[in-house]
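K.L.:
starting from these lines, generate the structure:
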Amino acid sequence: MCNWSNFQLHKPTYISICSKLTYNLIEALIFLAHFIGDVHHHQPLHFGFTGDLGGNTITVHWCHMKTNLHHVWDNIIIDSALKTFYGSDLANMIQAIQNNMTEGWSNQLSLWECCQKNQRVCLNLKIELISKELRMDSSGGLLRWSSFAFVMFVGMATVLVPGALGWSKEGHIMTCRIAQNLLGPEAAHAVEHLLPHNLKGDLSALCIWPDQIRHWHKYRWTSSLHFIDTPDKDCTFDYSRDCVKDLCVAGAIQNFTSQLLHYREGTTDRRYNLTEALLFLSHFMGDIHQPMHVGFTSDEGGNTIELHWFRHKSNLHHVWDREIILTALKDFYENDMDLLQETIEGNFTDGIWYDDVSSWKDCDDLLSCPNKYAVESINLACKWGYKGVKEGATLADDYFNSRMPIVMKRIAQGGVRLAMFLNEIFGDSEEGIASAA
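P.N.:
Below is the predicted model of the structure:
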């Protein structure tokens with residue numbers, strides 16, 4: 001009969017009486033290995049509150065999937081990290097963790113192993129440390145890691161909430177892919193150099209990162225950088241009026257462009273995090289081309305204008321963020337985003353927008369051009385976004401058919417202009433538009 005309560009002490013028993021099968025040592029080994037995982041940082045909610053069973057009774061949504069808080073920490077964060085950063089390759093993820101142990105976390109290994117003789121005291125200490133690492137975030141009560149514990153999951157451990165999130169993930173991904181297809185050799189090399197090596201230079205893999213981290217305490221200051229609030233129904237953009245202290249999407253593009261211009265000074269320049277600057281610039285170039293990101297102050301760019309998109313509830317901002325894109329994907333492209341992207345690229349490489357591309361790229365000063373893009377967006381928001389829309393309205397075919405070309409054109413413009421910025425910053429300013437795809 002197995003003595004479950006004493007499995008922790010099997011090691012000395014095995015050494016002294018290995019010929020006597022007093023315990024089931026195979027089971028003991030398996031249980032010990034499993035519970036060491038439970039007691040460590042992998043699962044802080046194994047030391048959660050009694051009333052909610054460690055988060056098991058707290059129902060939440062992870063993106064669009066219904067789950068509970070305990071399961072988020074058990075599996076979903078890891079699964080999301082595997083899929084997003086490691087191509088679902090567990091061996092690759094384990095290798096990254098091991099690399100951090102030998103490099104980034106090497107100075108902390110001795111602390112991890114500081115308790116080898118008194119095993120029970122060690123377990124109690126780990127429980128106490130885990131409890132201390134859990135904090136309640138004052139903005140919404142979401143549990144979060146300490147700064148050390150969430151290094152592995154940058155951009156992943158986030159619950160998406162309604163708000164001004166820019167283009168949907170599809171819009172941002174297409175913007176970045178379009179841009180990447182237009183990069184010259186030097187810019188392409190710089191982008192690959194700045195991105196994590198496992199992404200193999202794929203900028204689109206992290207284009208939504210700024211949306212994912214904007215509510216983290218460390219990055220909360222970036223929340224106001226995703227949009228521009230303009231006076232209601234004025235339909236104008238004025239930088240000094242609408243971008244106070246440079247805290248708007250136009251100011252953000254200027255700031256991160258300025259930082260990236262230091263790239264040529266070499267890797268010894270540590271004044272800026274150029275990887276983050278690249279991700280922010282790429283994301284914000286998409287945001288500034290979403291017309292409702294330069295909307296009216298009182299309705300938060302259409303976020304508070306509730307309505308129906310065909311048969312389901314939505315709001316005006318989200319219609320432009322994602323509903324139009326998803327409806328187009330479903331109705332015309334069999335939900336194939338690659339096919340939609342090819343169509344958009346075809347329209348500006350040799351199609352209906354071909355003659356407009358030179359004007360899209362017209363930019364004498366990278367730091368002032370974002371103002372022009374903001375003016376375009378507020379004009380489109382007034383003429384096409386807000387026009388004819390009232391609270392509680394149902395938007396359907398007429399609205400979709402007339403606005404879809406505008407959405408697709410803005411995605412194209414964002415991609416072309418992002419490529420133009422990156423080529424100029426990294427040394428390929430003469431690269432032509434014909435290199436697309």
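
K.L.:
show me the shaky parts of the protein.
P.N.:
1-22, 39-42, 64, 87, 95, 99, 101-166, 267-270, 428-437 (pLDDT under 70).

K.L.:
longest helix anywhere in it?
P.N.:
Determined from DSSP state H, the single longest helix within the chain is helix 397-426.

K.L.:
by contact count, what packs against it?
P.N.:
helix 169-181, helix 185-194, helix 249-260, helix 274-288, helix 324-332, helix 337-349, helix 357-360, helix 369-380 (3 or more CB pairs under 8 Å, 6 or more residues apart in numbering; DSSP states H and E). Using the backbone N, CA and C atoms, a C-beta is placed for each residue, glycine as well.

K.L.:
so which residue is dead centre in the protein?
P.N.:
Closest residue to the average C-alpha location of the chain: residue 209 at 2.3 Å, with CA atoms, centre = their mean.

K.L.:
before we move on, back to that, in CSV, list the helices and strands packed on helix 397-426 along with mean neighbour count.
P.N.:
Converted to CSV, those look like this (neighbours: other CB atoms under 10 Å):
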stretch, mean neighbour count
helix 169-181, 24
helix 185-194, 18
helix 249-260, 23
helix 274-288, 25
helix 324-332, 16
helix 337-349, 17
helix 357-360, 14
helix 369-380, 21
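
K.L.:
reformat these as CSV; add distance to residue 228.
P.N.:
Output for the helices and strands packed on helix 397-426, formatted as CSV (distance: least, CB to CB, whole Å):
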stretch, distance to residue 228
helix 169-181, 18
helix 185-194, 27
helix 249-260, 6
helix 274-288, 8
helix 324-332, 21
helix 337-349, 24
helix 357-360, 20
helix 369-380, 6
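
K.L.:
ok, back up a step: wait, the residue nearest to the centre of the chain touches residue 281, no?
P.N.:
No - the criterion here is CB atoms under 8 Å, and residue 209 misses it with residue 281 at 11.8 Å.

K.L.:
how much space between residue 88 and residue 198?
P.N.:
Distance, residue 88 to residue 198, using CB to CB, to the nearest Å: 12 Å.

K.L.:
look at residue 388 and tell me its secondary structure.
P.N.:
The local conformation at residue 388, judged by DSSP: H, G, I helix; E, B strand; the rest coil, is coil.

K.L.:
contacting residues around it?
P.N.:
residue 399 (CB atoms under 8 Å, 6 or more residues apart in numbering).

K.L.:
hang on, the earlier thing: state the distance from the residue nearest to the centre of the chain to residue 85.
P.N.:
For residue 209, the distance to residue 85 - CB to CB - is 11 Å.

K.L.:
again with residue 326
P.N.:
25 Å.

K.L.:
related to what we said a few turns ago, and of the helices and strands packed on helix 397-426, who's closest to residue 391?
P.N.:
Closest of the helices and strands packed on helix 397-426 to residue 391 is helix 324-332, at 19.3 Å (criterion: CB to CB).

K.L.:
got the contact list for residue 419?
P.N.:
Contacts of residue 419 (CB under 8 Å, 6+ apart): 178-183, 187, 431.
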